[in-house]
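Undergrad: Need a 3D model of the following:
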Amino acid sequence: MSELILHHYPPSPVSEKVRAGLGIKKATWRSCEQNRLPDRPELFVLTGGYRRIPVLQIGADIYCDTMVILTELNDRIPEPTLFPNNGAGLPYALGRWTDVELFGSAVRAAFAPAVESLPEALVADRARLYLGPTGDFRKEAADMPHTLAQLRAQLGWIDTRLSTGRKFMLADEPGYPDLLIWHIIWFVRGRYGDADVFLSEFPMIEAWEARMRDIGHGTSTDISMADALAVAKATDPAMPESADPRDPQGLTPGMNVTVAPTTDSGDPEVAGKVHAVSRDRIVLKRETAEAGAVCVHFPRVGYRVTIV
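TA: Numbers count the residues shown, from 1 in each chain. I've put the predicted structure just below:
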C-alpha cells in the first residue's frame, strides 16, 4: 500500500476525527499541513477545488469527506476494526446526526462567543460554511442560551449511552461512533471558553474523553505539498473503473459530471469524468500537468452529482 498522506491542519476538529482514527489503527502516516483558510492551490490540483479539510491521499487516489476517508482506512487496515461488536452500518446513519445537528451546535458554541477576537476572514468563511449564505456568528452570540440548551441535551444522550458499562460507544474497544463524537468534544473543550464548567455535568463523557485522548494519532512524519504532488504524479490511481446498473442517476464511466455538497455552503463544484460509481461512492477521474491522473473519491450521501 502507498503511504497514507493526510492533508490537514492542527486546529481542525474534522481532521481530529481522522487523526484519532489513525490512532485507533496504530497507523504510520505522512502529515501535510494546509492553510487554515481555503487558499490551497496545490491541494486543489489534487482535489479539483474541493475546499474542505481533511483530505486523504494514497498515491494518486484522493479521498474527500471523512465518511469515505474512514471507510477506506478501515478497508486498508482491517484490524483493529472501526466497527467492534458487529457494529457496522448504523454508525453511518449516526454520522448524519453528529455531523449536522451536534456539530452545528458545537460550532455555534465555539465561534459565537469569541467572534470579536477571531480574524474576520475566518469568521466570514466559517459562517458561510456552517451557517449558510446568510449566517452571522454575531447574531448567534445573542442566541447562546438556546444553543447551549440544544448542545446540553445531546451531550446528555451520549453520557447516558456511556453509563451502560462499556468503555466506548459500541464495546470496550473504540470505533467509528467514538470518532464521530470525539472530535466534537475535543472542539468544544478547546474552543468554548466555559467548556470545563459546561462539560463537568457529564462525568461519563469526561472519563471516556480521557480514554480517547490516550489513543493518540498513530505515528506521523511531515511531508511537503510539493512532495505529495510528486507522489501522485509518480503513481497510477489504484481504483478500478466500475459501473452500477442500479444507479438511479444512470451514471456510467466516462460521463462528465460535477460533485458538490448538498448544503448551501458556497463550496465549489468539482468537475471530472465518472470513473467508478456505486451505492455509496462516486469517483471522478481528473488529470493535470502537476499531478498527472488522479481519482477523487466522494460519498454519495451529502453530495449532489450533476451530469454536464
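Undergrad: Do you know the pLDDT at the residue positioned nearest the centre of the chain?
TA: With distances taken as C-alpha atoms, centre = their mean, Thr66 lies nearest the centre of the chain, 3.3 Å away. For Thr66, the model assigns a pLDDT of 98.
Undergrad: If we ignore the residues flanking it in sequence, what's nearest it?
TA: Lys17 (5.4 Å; C-beta to C-beta, 6 or more residues apart in numbering). For glycine as for every other residue, the C-beta is placed from the backbone atoms N, C-alpha and C.
Undergrad: which residues does that neighbour contact?
TA: By C-beta atoms under 8 Å, 6 or more residues apart in numbering, the contact set of Lys17 is Thr66, Leu70, Leu179, Leu180, Trp182, His183.
Undergrad: Over to Ala232?
TA: Counting by C-beta under 8 Å, 6+ apart, Ala232 touches Leu46, Gln57, Gly59, Ala60, Ile62, Ala291, Gly292, Val294.
Undergrad: Likewise for Ala114?
TA: Contacts for Ala114 (C-beta under 8 Å, 6+ apart) come out as Arg191, Gly193.
Undergrad: Wait, a helix at it?
TA: Yes. Under DSSP: H, G, I helix; E, B strand; the rest coil, Ala114 sits within a helix.
Undergrad: Would you map the helices across this structure?
TA: For the chain, applying DSSP state H gives helices covering 13-24, 41-47, 66-76, 90-96, 103-111, 120-131, 137-142, 144-162, 176-191, 195-199, 203-215, 225-233.
Undergrad: Output those helices in CSV, with distance to Gln34 appended to each entry.
TA: What follows is the helices of the chain, written out as CSV (distance: least, C-beta to C-beta, whole Å):
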stretch, distance to Gln34
helix 13-24, 9
helix 41-47, 6
helix 66-76, 15
helix 90-96, 23
helix 103-111, 19
helix 120-131, 14
helix 137-142, 23
helix 144-162, 28
helix 176-191, 17
helix 195-199, 26
helix 203-215, 23
helix 225-233, 8
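Undergrad: can you tell which of those helices is closest to Phe83?
TA: Closest to Phe83 of the helices of the chain, according to C-beta to C-beta: helix 176-191, at 6.0 Å.
Undergrad: what is the orientation angle of that closest one with helix 66-76?
TA: Helix 176-191 and helix 66-76 meet at an angle of 130 degrees, taking axes from the mean of the first three to the mean of the last three C-alpha atoms, to 10 degrees as the criterion.
Undergrad: re the thing from before, would you mind listing which of the contacts of Lys17 are buried?
TA: By neighbour count, with 16 or more other C-beta atoms under 10 Å, the contacts of Lys17 hold Thr66, Leu70, Leu179, Leu180, Trp182, His183 as buried.
Undergrad: for the fourth one, what are its contacts?
TA: Shown here is Leu180, whose contacts under the criterion C-beta under 8 Å, 6+ apart are Lys17, Pro91, Leu94, Gly95, Thr98, Asp99.
Undergrad: Highest neighbour count among the residues you listed?
TA: Sorting the contacts of Leu180 by how many neighbours each has (other C-beta atoms under 10 Å) puts Lys17 first, at 27 neighbours.
Undergrad: Run through who's touching stretch 66-85.
TA: Contacts for stretch 66-85 (C-beta under 8 Å, 6+ apart): 1, 4, 14, 17-18, 21-22, 24-27, 54-56, 58, 63, 91-92, 95, 168, 170-176, 179, 280-281, 297-299, 301-302.
Undergrad: from the residues you listed, which would you call buried?
TA: Of the contacts of stretch 66-85, these count as buried by 16+ other C-beta under 10 Å: 4, 14, 17-18, 21-22, 24-25, 27, 54-56, 58, 63, 91-92, 95, 168, 170-171, 174-176, 179, 281, 297-299.
Undergrad: Tell me the one of the contacts of Leu180 nearest Arg213?
TA: Nearest to Arg213 out of the contacts of Leu180 is Lys17 (C-beta to C-beta; 14.0 Å).
Undergrad: May I see the buried residues of the helix or strand bottoming out on mean pLDDT in the chain?
TA: Counting by mean pLDDT, DSSP states H and E, the weakest-scoring helix or strand in the chain turns out to be helix 120-131, with a mean of 87. Buried residues in helix 120-131, counted by 16+ other C-beta under 10 Å: Val123, Asp125, Arg126, Ala127, Arg128, Leu129, Tyr130, Leu131.
Undergrad: what's the answer for stretch 79-86, then?
TA: Buried residues in stretch 79-86, counted by 16+ other C-beta under 10 Å: Thr81, Leu82, Phe83, Pro84.
Undergrad: Export these as JSON lines, with columns for distance to Lys285 and pLDDT.
TA: Converted to JSON lines, the buried residues of stretch 79-86 look like this (distance: C-beta to C-beta, whole Å; pLDDT from 0 to 100):
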{"residue": "Thr81", "distance to Lys285": "30", "pLDDT": "98"}
{"residue": "Leu82", "distance to Lys285": "28", "pLDDT": "98"}
{"residue": "Phe83", "distance to Lys285": "30", "pLDDT": "97"}
{"residue": "Pro84", "distance to Lys285": "35", "pLDDT": "96"}
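Undergrad: Perfect, that will be all.
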